[in-house]
Structure formats: C-alpha cells, structure tokens
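Peer 1: sharing a model that was predicted from the sequence below.
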Number of protein chains: 2
Amino acid sequence: MDADALIERVLERSVATGEVPGAPPLLGRAIRHAVFPGGARVRPKLCVAVTAACGEGRGIEAALGAGAALELMHCASLVHDDLPAFDGADTRRGKPSVHAAFSEAIAVLAGDALIVMAFDTLLRESRSAPHLLSPLMTILIGAVGTPHGIVAGQAWESEHTIDLSAYHQAKTGALFVAASMSGAAAAGLDPAPWRALGERLGEAYQVADDLRDVLLGEDELGKPAGQDASHLRPNAVQHFGVAGAIARLKGLIADASDAVPDCSGAPVLREIVHGQASRLMPKSLLRNVA
Amino acid sequence: MDADALIERVLERSVATGEVPGAPPLLGRAIRHAVFPGGARVRPKLCVAVTAACGEGRGIEAALGAGAALELMHCASLVHDDLPAFDGADTRRGKPSVHAAFSEAIAVLAGDALIVMAFDTLLRESRSAPHLLSPLMTILIGAVGTPHGIVAGQAWESEHTIDLSAYHQAKTGALFVAASMSGAAAAGLDPAPWRALGERLGEAYQVADDLRDVLLGEDELGKPAGQDASHLRPNAVQHFGVAGAIARLKGLIADASDAVPDCSGAPVLREIVHGQASRLMPKSLLRNVA
C-alpha cells in the first residue's frame, strides 16, 4: 500500500471512532463530511515523505499518525473558518461547507471533535513507539494552539493592528512546519533542522493560495473566490502583482528544496519538493495568467 | 499551599502561555476571561482529592495537571455552549460571556485554544512522570470527544430523537467520571473502580443544576435562568418535581459516597463527598423551596 492510501486508512480509522453505536449520528456524519473526500493531503504527505527520506526505514507508523493528526487539525480549522463569524463560506471543496450542510451548532462541535480526534490519532498510532508521543504532541500543540499555532493565526484577523509575519507563519506556516518536524521526530531525529523546509513550503502554499483566490472562479476553487479582498485580508498578489507572486512562489520552492537537510533520502525528497511547484501552479492557473 | 491554590497556579501557568509577546492580544484576554475567576473548580478538586485519598502521597503533581486539563475543557465547553448557535447566553458567572465581551469569532477561537491548552497542560504537568501521559490522555479524550464525551453530549441536542441516557452521561457526567478516574490513574492505580464515584457525582451536579435553572433568578445564577425550558432541554424537575429532585440529589450524594473504593483515605474522601450535598443546595435554593 502506498503512502497516500495509508494516510487515508489512518484517517478512516479516526473518523470511524465517531460513528459507533451510541454516538450522535449528525456529528459523526459532519466529521466525515469534513474529512472525506479530502484535499491534497499535503501536510500528512510531507510528514511521511520526511520520515521516509531520513528514517532509514524507521518511524513510518508514527509519521502516519502524526500526519493524520495534522490533517484532522487542518480539517477542523477549515470547518471553523467557514463559519459565518469568520468567512461565512457556504462551499468548500466543491460541496456545501459543514455549517451549510448541517448547522452552525454541528459545525462548531465537529471542529471541536476533530481537534480532540487529532490528539486521539497521535496517541493511538504511536502505541508501538510510546517514546514518540511526547515529542510529537509538543510539535502538534505548537502548530495549533496559542501563541503561534493556527488558532492564534486566525485570531490575528480580529486585531486592529495585525502582526503580518506572525499572522502568516501561524495561519498557514505552522502546520507545514509541524509536518516536516514531525516527520523527523517520528524517525527519531532532532526535528529542529527540518523547520526551514516546512517554513518555505508553507509560504509557497500561501502564495499559491493567494494566486488562486485572485485568479480562479468559484467553480475551479470549489469554494467562494475573492475571499481575501472581501475580508480585507493581506494577499501576496496585492504586494507583488501576479507575475511577481508567481516568481516568488518559484523562489520559495527552490528555497524549500535547498532547505532539506542532508540525509540518505535527501535527493528524492528534493525531487518531491520540486514536483510541488507544478502541482501548485495547475494548468488552469497558468492559462488564466497567460 | 492547599489544593485549591495549587489548582489555580497550574491554570494560571497554562493561561499565561497565551499571553507572551507575539501572541494575539484579544485571544489571550478572552482565554483569561473564560478561566478566571472560575466557578467551583469541582472537577479538578475531585481529581486531586481522589489522588490524595488513594495515592499514599504519590501523583499529586500529575493529578493537578489532569484536573486543570479537565477544568480547561470545561471552560472551553462553556464558551462554545454560550454561543448564539447554542444557548445564546450573554452572561456567565455574573459577567458577559466570552462572545458578548469579545466577539463570536474570538469565542470560537478561545474555545479551540482552550481544548489545545488542556492537552498542553497534561503534557507539561506530567513531565516528571511521563508514564502517566498516555493513560491520562486516554481518559481526557474519552471525556471530551466523540462518541461519549462532552462534545458528543452537546451534539445530542441537534438530534430529532435524543438518547437521554447517552446525552446526560456525555454532557455532564463525562468530565466527573474523568476527574475521579484521572485521580486514580495519577496515583498509579487502575482507574476503572473509580468510575462509579464520578458517575454518581456527575448525576448529582446535573440534578442540582436543573434545580438551580428552574428555581433561581439570573442574579443568583450569574447566567440566564430558565434556559432548559426555553431550549426544550430535559430537566430533572420536570420529571420528579422540586421535592422529588431534591430527594434524588441527596440519594445520588449518598450513592457517590458509597461508591468510593476502599483505600487508606476513603473515609476522608467520603466526608468530602457528603460535604458536597450542602454546597450543591445553597441556602438561597432551600429558601426558594421552603
């Protein structure tokens, strides 16, 4: 089974815990709606790719757990960010967002349950390597909570004066940093040297997202377009223009590749990182730019 | 320092992690608003009392961490339950609820951050006894997530057909069960025999809450009164009448006391449980009944 299928299997195992007899049915359905079918699963894939590159065969199981936990946190943040109190987005991944399909109450609870489920996933999937639980939990908590995780990142949008660097690092960078660092930790290595890879990739994804938000329509996005402008959020296209933003994206991908620490699988991992560049700039995007 | 002060100290340490330079200020203030000044802190007190009773001096530090984690989860659930999508309560503990004082967006994020902070507290406070992290996390997750934790309990309110027993056990019982079981686990004991104590106390608190909701005014409650009736929620006073509900509350306290497993500190713990009866039925409540 390849890594993609293994990631889906761990996510399936987690989501199924909320669908047992005696569980409230709507909540279970809402959680499944939020997690399947998924997006690109780029955070768990990065986590597992790092472990595969530097782990000499060790730690894949823990990396799958840590990656799935990050993906569940990502799903939780999408469910809550789509709420009327934030973006008020009625669509996500080409279907109704959770609050539109169920209710606001169920969407709040589904997000809460997904956060708890992420920790449960980490605990369950590190059972055979319990010494990894504490370091992986430390990384996960840092990526999600306050002061520097995605919750803090979202909270900057409620401030009159926004700390732009803290905002971007927390809102989108944190889960990428956690993905690369968790991959190293799962392999039993010091995660610190792997931070820069996650930081650069996180920035690249943010720029790609900003380009999509400006250039693509709702049909291609699967969610409302022009959200940054309508919510007065900073967007890289404002700062750099379209061509400038694309150049920046390419530069960040090159920086991310350079940031891969030396290890036996580094060449393969650098190839994977370069491969992201074309994934991040799909043909439709390039057509719109051309 | 007594247990009450130690509990406040651990909670203070946790809340302070969201107030460091670089943290979004409103979120930090909202989290503090949600946690201080607190309610009766009955869940952490129960957790620590169990460890003190059965631990022969061991495990108090871990019990303080587990108790504080449960309290932070309780605070998170209050912040989210007060949102307009649920109770829409503008007051809590005699002051504005978090969404009323800040905003709905900040209230959603504060609840999310408190959930993550609870896990962080468990991790941090069990550093000196890392073998306790996994069992305490298992109990915490069971009490909070789906299928049987407080999130699932709240989700039952969105179902057309409500499983009343699952609803009550999950919505109010789960954190009490977790408190008594975590106290035993922190002491290095099998937590299973301590479940019944938490169950009975949780039921007693639910009945006491139902009585308060019906009998007290907003001034004494510190939050809107008559919420159960206006939200069509089941309430013990409907089923048993006022006198019947008071008799049931007394019976549950006696059952809780009987449920304390034998251990060196069992007599003291049983006294503490009996002492809860008078705390649960304050003079003002008895005056209204007379």
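Peer 2: Received the coordinates, thanks.
Peer 1: now the helices for the stretch 151-290 of chain A?
Peer 2: A:164-168, A:174-186, A:195-215, A:218-221, A:227-230, A:236-258, A:266-280, A:283-289 (DSSP state H, counting those that start in this stretch).
Peer 1: which elements pack onto the third one?
Peer 2: Taking 3 or more CB pairs under 8 Å, 6 or more residues apart in numbering or on different chains; DSSP states H and E as contact, the helices and strands that helix A:195-215 lies on are helix A:42-54, helix A:174-186, helix A:227-230, helix A:236-258, helix A:266-280, helix A:283-289. Every C-beta, even on glycine, is put in place using the N, C-alpha and C of the backbone.
Peer 1: hey, what's the angle from it to helix A:266-280? Just curious.
Peer 2: Interaxial angle of helix A:195-215 relative to helix A:266-280 (axes from the mean of the first three to the mean of the last three CA atoms, to 10 degrees): 10 degrees.
Peer 1: and the angle for helix A:195-215 with helix A:42-54?
Peer 2: Computed with the same axes, to 10 degrees, the direction of helix A:195-215 lies at 150 degrees from that of helix A:42-54.
Peer 1: please apply the same query to the longest one.
Peer 2: Relative orientation of helix A:236-258 versus helix A:42-54 (the same axes, to 10 degrees): 20 degrees.
Peer 1: repeat for the second one
Peer 2: For helix A:174-186 against helix A:42-54, the angle between stretch directions is 30 degrees (the same axes, to 10 degrees).
Peer 1: who are the packing partners of helix A:174-186?
Peer 2: Where contact means 3+ CB pairs under 8 Å, 6+ apart, helix A:174-186 is packed against helix A:42-54, helix A:60-81, helix A:133-144, helix A:150-155, helix A:195-215.
Peer 1: save those as JSON lines, and put in mean neighbour count and mean pLDDT too.
Peer 2: Output for those, formatted as JSON lines (neighbours: other CB atoms under 10 Å in any protein chain shown; pLDDT from 0 to 100):
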{"stretch": "helix A:42-54", "mean neighbour count": "27", "mean pLDDT": "97"}
{"stretch": "helix A:60-81", "mean neighbour count": "28", "mean pLDDT": "98"}
{"stretch": "helix A:133-144", "mean neighbour count": "23", "mean pLDDT": "98"}
{"stretch": "helix A:150-155", "mean neighbour count": "28", "mean pLDDT": "95"}
{"stretch": "helix A:195-215", "mean neighbour count": "22", "mean pLDDT": "91"}
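Peer 1: next, format those helices as CSV and append distance to residue B:100.
Peer 2: What follows is those, written out as CSV (distance: least, CB to CB, whole Å):
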stretch, distance to residue B:100
helix A:42-54, 35
helix A:60-81, 19
helix A:133-144, 26
helix A:150-155, 17
helix A:195-215, 32
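Peer 1: quick one, which of these is nearest to residue B:271?
Peer 2: When those are ranked by proximity to residue B:271, the top entry is helix A:133-144, at 37.4 Å, counting by CB to CB.
Peer 1: which residue is the nearest non-sequential neighbour of residue A:54?
Peer 2: With sequence-adjacent residues excluded and distances taken as CB to CB, 6 or more residues apart in numbering or on different chains, residue A:54 is closest to residue A:263, at 4.0 Å.
Peer 1: circling back: of the helices and strands packed on helix A:195-215, flag the one that's most buried.
Peer 2: Among the helices and strands packed on helix A:195-215, ranked by average contacts under mean count of other CB atoms under 10 Å in any protein chain shown, first place goes to helix A:174-186 (a mean of 30).
Peer 1: just the CA coordinates for it, please, in PDB.
Peer 2: Only the C-alpha atoms of helix A:174-186 are listed here, as PDB (Å, rounded to 0.1, in the frame of the first residue of the first chain):
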ATOM      1  CA  ALA A 174       2.500  26.400  11.400                       C
ATOM      2  CA  LEU A 175       1.000  23.100  10.100                       C
ATOM      3  CA  PHE A 176       3.700  22.800   7.400                       C
ATOM      4  CA  VAL A 177       6.500  23.400   9.900                       C
ATOM      5  CA  ALA A 178       4.800  20.800  12.100                       C
ATOM      6  CA  ALA A 179       4.600  18.300   9.200                       C
ATOM      7  CA  SER A 180       8.300  18.400   8.400                       C
ATOM      8  CA  MET A 181       9.400  18.500  12.000                       C
ATOM      9  CA  SER A 182       7.000  15.600  13.000                       C
ATOM     10  CA  GLY A 183       8.400  13.600  10.100                       C
ATOM     11  CA  ALA A 184      11.900  14.000  11.600                       C
ATOM     12  CA  ALA A 185      10.800  13.400  15.100                       C
ATOM     13  CA  ALA A 186       9.000  10.200  14.100                       C
END
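Peer 1: that one vs helix A:60-81, what angle?
Peer 2: Here the directions of helix A:174-186 and helix A:60-81 differ by 170 degrees (the same axes, to 10 degrees).
Peer 1: starting at the chain centroid, how far to helix A:174-186?
Peer 2: 11 Å (CA atoms, centre = their mean, to the nearest Å).
Peer 1: now stretch A:180-187
Peer 2: 15 Å.
Peer 1: residues touching that stretch, excluding its own?
Peer 2: The contact list for stretch A:180-187, computed with CB atoms under 8 Å, 6 or more residues apart in numbering or on different chains, reads A:46-51, A:53-56, A:58-60, A:62-63, A:66-67, A:70, A:132, A:135-136, A:139-140, A:190-195, A:197-198, A:201.
Peer 1: of the helices and strands packed on helix A:174-186, which is nearest residue B:96?
Peer 2: Closest to residue B:96 of the helices and strands packed on helix A:174-186 is helix A:150-155 (CB to CB; 18.5 Å).
Peer 1: does chain B have contacts with the closest one?
Peer 2: Yes: residues of helix A:150-155 are located near chain B by CB under 8 Å from any CB of the partner chain, namely A:151-152, A:154-155.
Peer 1: that concludes my questions; thank you for your assistance.
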